[in-house]
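Engineer: okay, predicted coordinates and the sequence, questions at the end:
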2 protein chains.
Amino acid sequence: MKIDGTPYRTIWPRPDETVEVIDQIALPHRFQTQVLRSAEECADAIKTMLVRGAPLIGATAAYGMALAMKVDPSSRAVVAAHDMLLATRPTAVNLRWALKRMSDVLARQTHGDRFSLAWVEAAKICDEDVEICRKIGEHGLKIFREIAAKKNGRLNVLTHCNAGWLACVDWGTALAPIYLAFNQGIDVHVWVDETRPRNQGASLTAYELGAHGVKHAIIADNAGGHYMQAGEVDVCIVGTDRVTRNGDVANKIGTYLKALAATDNNVPFYVALPSTTIDWTMEKGADIPIEERGTDEVLKISGRLNGDVVTVDIAAPGSPARNPGFDVTPARLVTGLITEAGVCEASEDGLRGLFA
Amino acid sequence: MKIDGTPYRTIWPRPDETVEVIDQIALPHRFQTQVLRSAEECADAIKTMLVRGAPLIGATAAYGMALAMKVDPSSRAVVAAHDMLLATRPTAVNLRWALKRMSDVLARQTHGDRFSLAWVEAAKICDEDVEICRKIGEHGLKIFREIAAKKNGRLNVLTHCNAGWLACVDWGTALAPIYLAFNQGIDVHVWVDETRPRNQGASLTAYELGAHGVKHAIIADNAGGHYMQAGEVDVCIVGTDRVTRNGDVANKIGTYLKALAATDNNVPFYVALPSTTIDWTMEKGADIPIEERGTDEVLKISGRLNGDVVTVDIAAPGSPARNPGFDVTPARLVTGLITEAGVCEASEDGLRGLFA
């Protein structure tokens, strides 16, 4: 997508065989990029959340494997790089998948130029992710067109958290249909849930929509229900961290509340995902363990003050907090799942229909 | 209620015939009080939100009328003080009510000591508010006892925004049953919705619960639905700014989302209110105009930094925001209305049953 008119991906190879990424710690306060020169620097970038978002983490790790091969193409080095990179975010499904794919490819090449092979494979992983997201966007766009056709004016879309191109290599998942709609001249406007406590909506979604030129407004997470009651939301679309076999959706905390409001107001509620997000081994959402995160995310916040970025204490001193990171939206509240293979009902039958 | 063991009201007369209030601008970062010496100082306190909350605004205005009489007990001065104080928050129902009551009482006393009369009447308004809140607390406590009786462990209550004693003279509305339960030894724990964008939950509700010693945890507004799904909320209780004749409830933005989640999880959802909050002239909630507030409340936030209180920019630079202040919870999602006259169904029949 574009930042002030210039097309970007979140990660790209440089002619000098290093990798450049958008520094996502500095966003939204500053736009800057950083060059990663080694597997170690890639691992650090993942650990410090310089890069974040499941697909982007996988892509960065893949390039990390390649950069390791530049220094030492031995089979021992393949294993060492794999293990070091995997340890950065041990529960990330995409990270594990990307590292396994790189290791498998390198295992087949016992001699010759392992670096070149890995370099090409990492680029393939990136290109494939872009293509998957673009396909999600195309399938979502059809839905948006149908909804827009029933309206005279602008198409109002509500989204929660950040499932945009900053979390992927390009396009994003939930935001891909929005970018396609915008690029094709549909008058689209996005309600951006702030997404407390980490504010990925106000920080990242608002940033990337604004930088590409898409109309949007940041709202408190509390406000979406009111706008649905007022008829000012035509469709909701969110990403997901995991979809269970029955179509239940784990996503950023607060997603469930928006799905309830959408259902109560007959607003379609869609979830966009690459098929790698489907957990076929898990029967239902209630089985998903919900990560409890640090309470400083609730009690403190970072912001700009006279050109600096500072962290302030916002709550009553001494009051404790709790901070569940995700919630589960039951399949019954989901209008449809938008995947790279098409759109299906949020159910085991629906999923098996697309992925036999 | 108590602050660190000392009982307080939010406003009280001093022996030197001035008035002292808790400075609510400084909360939760600092506890301090301020002395109001004149009608003008009372008006300023309301305008600057040194005092806030409908009942407390009314009480402060009443004392403002009294202080005006100390300087000039003429009938012209009664009208002038009334008009000056009314202009501070022109839409506040309680403010108008308190000023009319003071003017009516003073109109009957055409000679003699108008100051003493007004001073006594202002104290009466305060005492009556305390008694109304205490009665709301007693009726709510019965409900809490019934719910607690079905449980072995602690009673988990969720509340949104601040409907506590800081908004009133003492006790509060939604928090009154919580204080009574706590004082009577019930093991009560409160989930405090942060309540973006003004954070009255994290700032005021958490502060007053903590100062009185009530167990609580601040949570992002996004988290309540998850805790209800997890069975960790036994009852929800909130205040309200206006209840229409059919039992619809206007309250702080986000209340509707919690009522949806409560209904979806069979958690009772109660609204606590003095009967003055019922708008008999309005048929249903959809008729209530929703106040759109300034966007800086969404885009900026104040907090403590190295002993100072500073305001930081938290969102993507240049992104617009929207900020509706209230939403309407349909009566069908409300388990009951808790008033000083008892508990009733959220419906015209229910309300007329209590207030014939």
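Structural biologist: Good, I have the coordinates.

Engineer: beta partners of A:V190?
Structural biologist: A:V157, A:H216 (DSSP bridges).

Engineer: hmm, it is touching A:T159, no?
Structural biologist: Yes - using CB atoms under 8 Å, A:V190 makes contact with A:T159 at a distance of 6.2 Å. From N, CA and C alone the C-beta is placed, and that goes for glycine too.

Engineer: overlap in contacts, the two.
Structural biologist: A:178, A:205 (CB atoms under 8 Å, 6 or more residues apart in numbering or on different chains).

Engineer: give me the more crowded residue out of the two.
Structural biologist: Shown here are A:V190 and A:T159; by other CB atoms under 10 Å in any protein chain shown, A:T159 has more neighbours (28 against 23).

Engineer: quick check: mean pLDDT across the longest helix belonging to chain A?
Structural biologist: For chain A, the longest helix by residue count, based on DSSP state H, is helix A:114-149. For helix A:114-149, the mean pLDDT works out to 97.

Engineer: so which residues of the stretch 151-300 of chain A form strands?
Structural biologist: A:155-159, A:188-193, A:215-219, A:235-238, A:242-244, A:249-252, A:269-272, A:278-279, A:300-305 (DSSP state E, counting those that start in this stretch).

Engineer: buried residues of the first one, list them for me.
Structural biologist: Buried positions in strand A:155-159, judged by neighbour count with 16 or more other CB atoms under 10 Å in any protein chain shown: A:155-159.

Engineer: can I get those residues in TSV including pLDDT?
Structural biologist: Putting the buried residues of strand A:155-159 into TSV (pLDDT from 0 to 100) gives the following:
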residue	pLDDT
A:L155	98
A:N156	98
A:V157	98
A:L158	98
A:T159	98
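
Engineer: got JSON lines for those, with distance to A:D287 too?
Structural biologist: Output for the buried residues of strand A:155-159, formatted as JSON lines (distance: CB to CB, whole Å):
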{"residue": "A:L155", "distance to A:D287": "36"}
{"residue": "A:N156", "distance to A:D287": "35"}
{"residue": "A:V157", "distance to A:D287": "31"}
{"residue": "A:L158", "distance to A:D287": "28"}
{"residue": "A:T159", "distance to A:D287": "26"}
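
Engineer: near the closest residue to chain B within the stretch 1-150 of chain A, how many other residues are there?
Structural biologist: In the stretch 1-150 of chain A, the residue that lies nearest chain B is A:P28 (3.7 Å; CB to the nearest CB). Using other CB under 10 Å, A:P28 has 24 neighbouring residues.

Engineer: tell me if I am right that it is in a strand.
Structural biologist: No - looking at A:P28 with DSSP: H, G, I helix; E, B strand; the rest coil, it is coil, so not inside a strand.

Engineer: show the contacting residues for it.
Structural biologist: A:202-204, A:206-207, B:315-317.

Engineer: number of residues surrounding A:W97?
Structural biologist: 17.

Engineer: could you say which helix or strand holds it?
Structural biologist: Here A:W97 sits within helix A:93-108, counting by DSSP states H and E.

Engineer: what's the angle from the longest helix of chain A to helix A:93-108?
Structural biologist: 140 degrees (axes from the mean of the first three to the mean of the last three CA atoms, to 10 degrees).

Engineer: buried set for helix A:114-149?
Structural biologist: For helix A:114-149, by 16+ other CB under 10 Å, it's A:114-115, A:117-119, A:121-123, A:125-126, A:129-130, A:132-133, A:135-137, A:139-141, A:143-144, A:148.

Engineer: so who does A:V78 touch?
Structural biologist: A:V78 neighbours (CB under 8 Å, 6+ apart): A:65, A:68-69, A:103, A:106-107, A:114.

Engineer: give me the buried subset of these.
Structural biologist: A:65, A:68-69, A:103, A:106, A:114.

Engineer: from the residues you listed, which is closest to A:C168?
Structural biologist: Using CB to CB, A:M65 is the member of the buried ones among the contacts of A:V78 that lies nearest A:C168, at 19.1 Å.

Engineer: give me the neighbour count for A:A77.
Structural biologist: 17.

Engineer: doesn't it fall inside a helix?
Structural biologist: Yes - under three-state DSSP, A:A77 falls within a helix.

Engineer: what's the closest non-adjacent residue to it?
Structural biologist: Nearest residue to A:A77, sequence neighbours excluded (CB to CB, 6 or more residues apart in numbering or on different chains): A:A68, at 5.8 Å.

Engineer: any idea of the angle the strand or helix carrying the one you found forms with helix A:114-149?
Structural biologist: Assigned by DSSP H and E, A:A68 belongs to helix A:54-71. Angle of helix A:54-71 versus helix A:114-149, following the same axes, to 10 degrees, is 170 degrees.

Engineer: and A:T339, its phi and psi?
Structural biologist: Per-residue torsions, A:T339: phi -120, psi 180 (degrees, to the nearest 10).

Engineer: that one contacts A:I136, correct?
Structural biologist: Yes - assessed by CB under 8 Å, A:T339 is found in contact with A:I136 at 6.6 Å.

Engineer: name the residues contacting each of these two.
Structural biologist: Joint contacts of A:T339 and A:I136 (CB under 8 Å, 6+ apart) are A:272-274.

Engineer: where does the stretch 1-150 of chain A come near chain B, residue by residue?
Structural biologist: A:27-29 (CB under 8 Å from any CB of the partner chain).

Engineer: switch to 6 Å and redo it
Structural biologist: A:P28 (CB under 6 Å from any CB of the partner chain).

Engineer: what bridges to A:K252?
Structural biologist: Here A:K252, judged by DSSP bridges, has bridge partners A:F326.

Engineer: most surrounded residue in the shared contacts of A:T339 and A:I136?
Structural biologist: A:A272 (28 neighbours).

Engineer: show me the shaky parts of chain A.
Structural biologist: A:91, A:111 (pLDDT under 70).

Engineer: let me see the domain layout of it.
Structural biologist: The record's domain parsing of chain A by automatic domain parsing lists A:2-128, A:138-354.

Engineer: what's the most buried one of these?
Structural biologist: domain A:138-354 (a mean of 21; mean count of other CB atoms under 10 Å in any protein chain shown).

Engineer: compute the first-to-last residue distance for that domain.
Structural biologist: 16 Å (CA to CA, to the nearest Å).

Engineer: contacting residues for the closest residue to A:A54 other than its chain neighbours?
Structural biologist: Sequence neighbours aside, A:N94 is the residue nearest to A:A54 in space, at 4.0 Å (criterion: CB to CB, 6+ apart). A:N94 is in contact with A:54-55, A:58, counting by CB atoms under 6 Å, 6 or more residues apart in numbering or on different chains.

Engineer: now with 8 Å?
Structural biologist: Counting by CB under 8 Å, 6+ apart, A:N94 has contacts A:54-55, A:57-58, A:276.

Engineer: turn the residues you listed into TSV, columns for distance to A:D44.
Structural biologist: Converted to TSV, these look like this (distance: CB to CB, whole Å):
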residue	distance to A:D44
A:A54	18
A:P55	19
A:I57	13
A:G58	16
A:T276	25
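
Engineer: which of the residues you listed lies closest to A:P177?
Structural biologist: Once CB to CB is applied, the member of the contacts of A:N94 that ends up nearest A:P177 is A:P55, at 16.6 Å.

Engineer: got a list of what that closest one touches?
Structural biologist: A:94, A:129, A:133, A:167-169, A:274.

Engineer: which two in those are spaced the farthest apart?
Structural biologist: A:N94 and A:C133 (12.8 Å).

Engineer: look up how far chain B lies from the closest residue to A:G285 other than its chain neighbours.
Structural biologist: Take A:G285 and drop its neighbours on the chain: the residue closest to it by CB to CB, 6+ apart is A:D248, 2.8 Å away. Distance of A:D248 to chain B, given as CB to the nearest CB, to the nearest Å: 11 Å.

Engineer: hang on, isn't A:D248 packed against A:P330?
Structural biologist: Yes - if you go by CB under 8 Å, A:D248 and A:P330 touch, sitting 5.8 Å apart.
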